[in-house]
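A.B. asks: for reference, the sequence and a predicted model appear below.
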Amino acid sequence: MMRLSPSLAHFVGRQSGGRRRRLLFGHVQACAGRLGAAALSPLSGGNPSGPAKPVPRGSANRARGFAAQWAVLMSACLAPLAALAQAPSDLPTLPASASSIAEFVPSGWSIEQQHSADFGRNGRRGVLLLLRMGGDAGSAGGNGGMSPARILAPLVRTRAGYTRVGQNGRLIPRVDLASQEDPMANGEIAVRTGGFDLRLGLMSGVGSYLTASLKFRFRLEGGCFRLIGFDRLETHRATLATQDLSINFLRGTLVRTSGNAQSDASQQTRERLKSNPRRCLEDLPSAAEFQPL
(Lines give C-alpha, C1' and ligand atoms only; values in the text may rest on other atoms or scores of the structure.)
Protein backbone atom coordinates (compact mmCIF):
# COMPACT_ATOMS: atom_id res chain seq x y z
CA MET A 1 0.00 0.00 0.00
CA MET A 2 1.15 3.47 -0.73
CA ARG A 3 1.86 5.98 2.00
CA LEU A 4 -1.07 8.31 2.58
CA SER A 5 -0.65 11.67 0.91
CA PRO A 6 0.09 14.42 3.47
CA SER A 7 -2.90 16.44 2.34
CA LEU A 8 -5.24 13.55 3.06
CA ALA A 9 -3.82 12.87 6.51
CA HIS A 10 -6.09 15.65 7.81
CA PHE A 11 -9.10 13.80 6.49
CA VAL A 12 -8.32 10.35 7.88
CA GLY A 13 -11.25 8.94 9.78
CA ARG A 14 -11.27 5.45 11.17
CA GLN A 15 -8.04 3.53 10.84
CA SER A 16 -6.95 0.42 12.66
CA GLY A 17 -4.56 0.03 15.58
CA GLY A 18 -1.09 1.54 15.53
CA ARG A 19 -1.35 2.97 12.01
CA ARG A 20 -4.29 5.14 13.00
CA ARG A 21 -2.48 6.36 16.12
CA ARG A 22 0.63 7.23 14.08
CA LEU A 23 -1.43 9.20 11.56
CA LEU A 24 -3.29 11.09 14.26
CA PHE A 25 -0.10 11.86 16.19
CA GLY A 26 1.60 13.04 13.00
CA HIS A 27 -1.25 15.45 12.33
CA VAL A 28 -1.20 16.88 15.86
CA GLN A 29 2.61 17.10 15.94
CA ALA A 30 2.76 18.98 12.62
CA CYS A 31 -0.09 21.28 13.54
CA ALA A 32 1.32 22.04 16.97
CA GLY A 33 4.70 22.81 15.41
CA ARG A 34 3.16 25.38 13.08
CA LEU A 35 0.84 26.94 15.64
CA GLY A 36 3.14 26.68 18.63
CA ALA A 37 5.25 29.60 17.45
CA ALA A 38 2.33 31.91 18.10
CA ALA A 39 1.97 30.63 21.64
CA LEU A 40 5.70 30.91 22.33
CA SER A 41 6.15 34.38 20.84
CA PRO A 42 5.23 36.24 24.08
CA LEU A 43 7.96 34.26 25.85
CA SER A 44 10.65 34.83 23.22
CA GLY A 45 10.69 38.58 22.93
CA GLY A 46 8.35 38.62 19.92
CA ASN A 47 10.61 36.31 17.90
CA PRO A 48 8.71 33.06 17.28
CA SER A 49 11.85 31.39 15.88
CA GLY A 50 14.00 32.30 18.87
CA PRO A 51 14.39 30.24 22.03
CA ALA A 52 11.58 30.48 24.53
CA LYS A 53 12.47 32.29 27.72
CA PRO A 54 11.47 30.65 30.99
CA VAL A 55 8.48 32.12 32.80
CA PRO A 56 9.72 33.99 35.88
CA ARG A 57 8.81 32.55 39.25
CA GLY A 58 5.67 34.08 40.64
CA SER A 59 4.32 35.03 37.21
CA ALA A 60 1.23 32.95 37.75
CA ASN A 61 -1.03 35.08 35.58
CA ARG A 62 1.40 34.91 32.66
CA ALA A 63 1.73 31.16 33.02
CA ARG A 64 -2.04 30.74 33.12
CA GLY A 65 -2.35 32.92 30.01
CA PHE A 66 0.20 30.80 28.16
CA ALA A 67 -1.58 27.59 29.21
CA ALA A 68 -4.94 28.95 28.04
CA GLN A 69 -3.50 30.02 24.66
CA TRP A 70 -1.84 26.63 24.18
CA ALA A 71 -5.13 24.88 24.97
CA VAL A 72 -6.91 26.92 22.30
CA LEU A 73 -4.21 26.11 19.73
CA MET A 74 -4.29 22.41 20.49
CA SER A 75 -8.09 22.40 20.23
CA ALA A 76 -7.72 23.86 16.74
CA CYS A 77 -5.25 21.12 15.85
CA LEU A 78 -7.51 18.35 17.10
CA ALA A 79 -10.78 19.69 15.69
CA PRO A 80 -10.56 18.04 12.23
CA LEU A 81 -9.67 14.67 13.73
CA ALA A 82 -12.46 14.76 16.27
CA ALA A 83 -14.93 15.58 13.53
CA LEU A 84 -13.82 12.78 11.25
CA ALA A 85 -14.08 10.24 14.03
CA GLN A 86 -17.86 10.73 13.79
CA ALA A 87 -18.39 8.45 10.81
CA PRO A 88 -22.01 7.66 9.91
CA SER A 89 -23.29 4.51 11.54
CA ASP A 90 -26.42 2.40 11.17
CA LEU A 91 -27.13 3.72 7.70
CA PRO A 92 -30.27 2.24 6.16
CA THR A 93 -30.09 -0.53 3.59
CA LEU A 94 -32.12 0.50 0.57
CA PRO A 95 -34.60 -1.90 -1.07
CA ALA A 96 -33.11 -4.32 -3.56
CA SER A 97 -35.82 -3.40 -6.06
CA ALA A 98 -38.90 -1.22 -6.24
CA SER A 99 -41.48 -0.02 -8.72
CA SER A 100 -40.72 3.70 -8.18
CA ILE A 101 -37.72 5.87 -7.28
CA ALA A 102 -39.51 7.28 -4.22
CA GLU A 103 -39.51 3.82 -2.62
CA PHE A 104 -35.68 3.92 -2.41
CA VAL A 105 -35.71 7.05 -0.21
CA PRO A 106 -35.77 6.12 3.52
CA SER A 107 -37.80 8.06 6.04
CA GLY A 108 -35.88 11.13 7.19
CA TRP A 109 -33.80 11.24 3.98
CA SER A 110 -34.14 13.26 0.80
CA ILE A 111 -32.84 13.20 -2.78
CA GLU A 112 -29.95 15.64 -3.12
CA GLN A 113 -29.19 14.77 -6.74
CA GLN A 114 -30.82 12.50 -9.33
CA HIS A 115 -29.18 11.62 -12.65
CA SER A 116 -30.45 9.46 -15.49
CA ALA A 117 -28.39 7.32 -17.90
CA ASP A 118 -28.51 4.05 -19.79
CA PHE A 119 -26.30 2.12 -17.36
CA GLY A 120 -27.23 -1.31 -18.73
CA ARG A 121 -26.63 -0.31 -22.39
CA ASN A 122 -30.05 -1.75 -23.21
CA GLY A 123 -31.96 1.40 -24.09
CA ARG A 124 -33.52 1.63 -20.61
CA ARG A 125 -32.50 4.67 -18.60
CA GLY A 126 -31.49 3.93 -15.05
CA VAL A 127 -31.01 6.43 -12.23
CA LEU A 128 -28.15 7.42 -9.94
CA LEU A 129 -29.40 8.75 -6.60
CA LEU A 130 -27.42 10.85 -4.15
CA LEU A 131 -29.41 10.72 -0.92
CA ARG A 132 -28.78 12.87 2.13
CA MET A 133 -29.96 12.44 5.69
CA GLY A 134 -32.19 15.14 7.17
CA GLY A 135 -33.27 18.54 5.87
CA ASP A 136 -34.21 19.31 2.31
CA ALA A 137 -31.79 18.69 -0.54
CA GLY A 138 -31.08 22.38 -1.09
CA SER A 139 -29.94 23.19 2.45
CA ALA A 140 -26.37 23.07 3.70
CA GLY A 141 -25.34 21.51 6.99
CA GLY A 142 -25.93 23.48 10.18
CA ASN A 143 -23.61 26.39 10.81
CA GLY A 144 -20.61 24.88 12.53
CA GLY A 145 -22.24 21.41 12.37
CA MET A 146 -21.41 18.25 10.46
CA SER A 147 -21.97 17.78 6.76
CA PRO A 148 -24.85 15.36 6.16
CA ALA A 149 -24.53 11.62 5.80
CA ARG A 150 -24.94 10.67 2.14
CA ILE A 151 -25.69 7.49 0.21
CA LEU A 152 -24.86 6.84 -3.44
CA ALA A 153 -27.30 4.39 -5.00
CA PRO A 154 -27.26 3.42 -8.70
CA LEU A 155 -30.49 1.90 -10.04
CA VAL A 156 -30.92 0.03 -13.31
CA ARG A 157 -34.26 0.05 -15.08
CA THR A 158 -36.24 -3.18 -15.34
CA ARG A 159 -39.67 -4.01 -16.70
CA ALA A 160 -41.08 -3.95 -13.17
CA GLY A 161 -39.34 -0.74 -12.12
CA TYR A 162 -35.80 -0.40 -10.78
CA THR A 163 -33.15 -2.68 -9.28
CA ARG A 164 -30.42 -1.31 -7.03
CA VAL A 165 -26.86 -2.26 -8.00
CA GLY A 166 -25.01 -1.65 -4.73
CA GLN A 167 -24.97 1.37 -2.43
CA ASN A 168 -22.29 3.27 -0.51
CA GLY A 169 -22.76 5.53 2.52
CA ARG A 170 -19.05 5.89 3.36
CA LEU A 171 -17.39 7.20 0.22
CA ILE A 172 -18.44 10.84 0.69
CA PRO A 173 -16.92 11.65 4.10
CA ARG A 174 -18.69 13.64 6.81
CA VAL A 175 -16.69 16.65 7.98
CA ASP A 176 -16.96 19.41 10.58
CA LEU A 177 -18.18 22.41 8.61
CA ALA A 178 -16.63 24.77 11.16
CA SER A 179 -13.14 23.76 10.03
CA GLN A 180 -13.56 21.99 6.67
CA GLU A 181 -15.44 22.42 3.44
CA ASP A 182 -18.25 20.05 2.54
CA PRO A 183 -16.74 17.52 0.08
CA MET A 184 -19.69 18.11 -2.26
CA ALA A 185 -19.37 21.93 -2.20
CA ASN A 186 -17.06 21.68 -5.21
CA GLY A 187 -18.02 18.11 -5.95
CA GLU A 188 -19.73 16.82 -9.04
CA ILE A 189 -21.54 13.76 -10.35
CA ALA A 190 -21.44 13.07 -14.08
CA VAL A 191 -23.29 10.12 -15.63
CA ARG A 192 -22.71 8.49 -19.00
CA THR A 193 -23.82 5.37 -20.83
CA GLY A 194 -22.64 2.42 -18.77
CA GLY A 195 -21.30 4.32 -15.75
CA PHE A 196 -20.67 7.51 -13.80
CA ASP A 197 -17.96 9.72 -12.24
CA LEU A 198 -17.88 11.17 -8.72
CA ARG A 199 -15.66 14.17 -7.95
CA LEU A 200 -15.02 15.32 -4.35
CA GLY A 201 -13.06 18.18 -2.82
CA LEU A 202 -11.14 17.90 0.47
CA MET A 203 -10.00 21.14 2.06
CA SER A 204 -9.23 21.88 5.71
CA GLY A 205 -9.32 25.41 7.10
CA VAL A 206 -7.29 24.37 10.15
CA GLY A 207 -3.70 23.13 10.25
CA SER A 208 -3.05 22.63 6.54
CA TYR A 209 -2.55 24.61 3.32
CA LEU A 210 -3.08 21.46 1.26
CA THR A 211 -6.21 20.70 -0.74
CA ALA A 212 -7.17 17.64 -2.76
CA SER A 213 -9.61 16.97 -5.58
CA LEU A 214 -10.54 13.30 -5.98
CA LYS A 215 -12.28 11.68 -8.93
CA PHE A 216 -13.71 8.14 -8.90
CA ARG A 217 -14.77 6.59 -12.24
CA PHE A 218 -17.21 3.63 -12.24
CA ARG A 219 -18.53 1.27 -14.91
CA LEU A 220 -21.33 -1.29 -14.68
CA GLU A 221 -19.54 -4.62 -15.09
CA GLY A 222 -20.28 -8.11 -13.83
CA GLY A 223 -23.22 -7.10 -11.68
CA CYS A 224 -21.54 -4.18 -9.89
CA PHE A 225 -20.34 -0.67 -10.55
CA ARG A 226 -16.64 -1.36 -10.76
CA LEU A 227 -14.02 1.29 -10.00
CA ILE A 228 -12.11 1.66 -13.28
CA GLY A 229 -10.29 4.95 -12.71
CA PHE A 230 -9.06 7.25 -9.94
CA ASP A 231 -7.49 10.72 -10.07
CA ARG A 232 -6.08 12.71 -7.16
CA LEU A 233 -5.02 16.34 -7.70
CA GLU A 234 -3.26 17.99 -4.76
CA THR A 235 -2.33 21.66 -4.42
CA HIS A 236 -0.46 23.59 -1.72
CA ARG A 237 -2.38 26.85 -1.41
CA ALA A 238 0.68 28.84 -0.27
CA THR A 239 3.36 27.60 -2.70
CA LEU A 240 0.97 26.36 -5.44
CA ALA A 241 3.05 23.18 -5.69
CA THR A 242 1.04 20.31 -7.20
CA GLN A 243 1.20 16.52 -6.85
CA ASP A 244 -1.14 14.52 -9.08
CA LEU A 245 -1.88 10.82 -9.38
CA SER A 246 -3.94 9.19 -12.16
CA ILE A 247 -4.74 5.47 -12.21
CA ASN A 248 -6.38 3.42 -14.96
CA PHE A 249 -7.44 0.16 -13.33
CA LEU A 250 -8.52 -1.35 -16.65
CA ARG A 251 -5.04 -0.98 -18.16
CA GLY A 252 -3.23 -1.46 -14.84
CA THR A 253 -1.24 1.77 -15.20
CA LEU A 254 -0.59 4.87 -13.10
CA VAL A 255 0.89 8.29 -13.83
CA ARG A 256 2.45 10.61 -11.23
CA THR A 257 2.89 14.30 -12.07
CA SER A 258 4.55 17.01 -9.96
CA GLY A 259 4.80 20.70 -10.75
CA ASN A 260 3.50 24.14 -9.84
CA ALA A 261 0.27 25.89 -10.77
CA GLN A 262 2.24 29.01 -11.76
CA SER A 263 4.39 27.16 -14.28
CA ASP A 264 3.90 24.89 -17.28
CA ALA A 265 6.94 22.83 -16.28
CA SER A 266 6.23 19.45 -14.69
CA GLN A 267 7.79 16.05 -14.07
CA GLN A 268 5.94 12.88 -14.92
CA THR A 269 6.57 9.19 -14.25
CA ARG A 270 4.62 6.16 -15.49
CA GLU A 271 4.36 2.81 -13.72
CA ARG A 272 2.55 -0.50 -13.89
CA LEU A 273 0.30 -1.46 -10.99
CA LYS A 274 1.84 -4.18 -8.83
CA SER A 275 -1.59 -5.20 -7.59
CA ASN A 276 -4.95 -4.50 -9.22
CA PRO A 277 -7.85 -5.92 -7.20
CA ARG A 278 -11.36 -5.57 -8.55
CA ARG A 279 -13.27 -2.99 -6.47
CA CYS A 280 -16.99 -2.30 -6.59
CA LEU A 281 -18.80 0.81 -5.36
CA GLU A 282 -20.03 -0.88 -2.19
CA ASP A 283 -16.48 -2.01 -1.30
CA LEU A 284 -14.97 1.47 -1.06
CA PRO A 285 -14.26 3.21 2.27
CA SER A 286 -14.37 6.94 2.93
CA ALA A 287 -12.62 8.90 0.17
CA ALA A 288 -10.35 10.33 2.89
CA GLU A 289 -9.15 6.84 3.76
CA PHE A 290 -9.03 5.33 0.27
CA GLN A 291 -5.68 3.73 -0.59
CA PRO A 292 -5.66 3.17 -4.36
CA LEU A 293 -2.42 1.15 -4.41
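C.D. replies: It's in. Numbering: from 1, shown residues only.

A.B. asks: so where's this protein shaky on pLDDT?
C.D. replies: Within the chain, the ranges that satisfy pLDDT under 70 run 1-89, 135-144, 205-208.

A.B. asks: can you give me the helices for it?
C.D. replies: Remark: helices assigned in the chain by DSSP state H are 6-9, 17-40, 60-84.

A.B. asks: can you get me a residue count around Leu177?
C.D. replies: 20 (other Cβ atoms under 10 Å). To be clear about C-beta, it is placed using only N, CA and C from the backbone, and glycine gets the same treatment.

A.B. asks: how far away is it from Leu152?
C.D. replies: 20 Å (Cβ to Cβ, to the nearest Å).

A.B. asks: nearest residue to Val156 other than its sequence neighbours?
C.D. replies: Gly126 (4.3 Å; Cβ to Cβ, 6 or more residues apart in numbering).

A.B. asks: quick check: the one you found touching Arg164?
C.D. replies: No. Gly126 is beyond contact range of Arg164, at 10.0 Å (criterion: Cβ atoms under 8 Å).

A.B. asks: look at these two and report which has more neighbours.
C.D. replies: The residue with more neighbours, out of Gly126 and Arg164, is Gly126; 23 against 19, by other Cβ under 10 Å.

A.B. asks: list the contacts of the more buried one.
C.D. replies: Gly126 sits next to 116-120, 154-157, 162 when contact means Cβ atoms under 8 Å, 6 or more residues apart in numbering.

A.B. asks: domain ranges for the chain?
C.D. replies: Listed by automatic domain parsing, the domain ranges of the chain are 6-84, 97-283.

A.B. asks: ends of the last one, how far apart?
C.D. replies: Which is domain 97-283. 20 Å (Cα to Cα, to the nearest Å).

A.B. asks: what do you get for stretch 236-254?
C.D. replies: For stretch 236-254, the end-to-end distance is 22 Å (Cα to Cα).

A.B. asks: buried stuff in that stretch?
C.D. replies: 236, 241-249, 254 (16 or more other Cβ atoms under 10 Å).

A.B. asks: what of stretch 183-201?
C.D. replies: Those would be 183-184, 187, 189, 191, 195-196, 198-201, for stretch 183-201 by 16+ other Cβ under 10 Å.

A.B. asks: from these, which land in strands?
C.D. replies: 189, 191, 195-196, 198-201 (DSSP state E).

A.B. asks: now, which of the residues you listed sits nearest Leu273?
C.D. replies: Closest approach between these and Leu273, by Cβ to Cβ: Gly195, at 20.0 Å.

A.B. asks: what's the nearest residue to that closest one if we skip its chain neighbours?
C.D. replies: Arg219 (3.9 Å).

A.B. asks: so the one you found bridges to which residues?
C.D. replies: Beta-bridge pairing for Arg219 (DSSP bridges): Gly195, Arg226.
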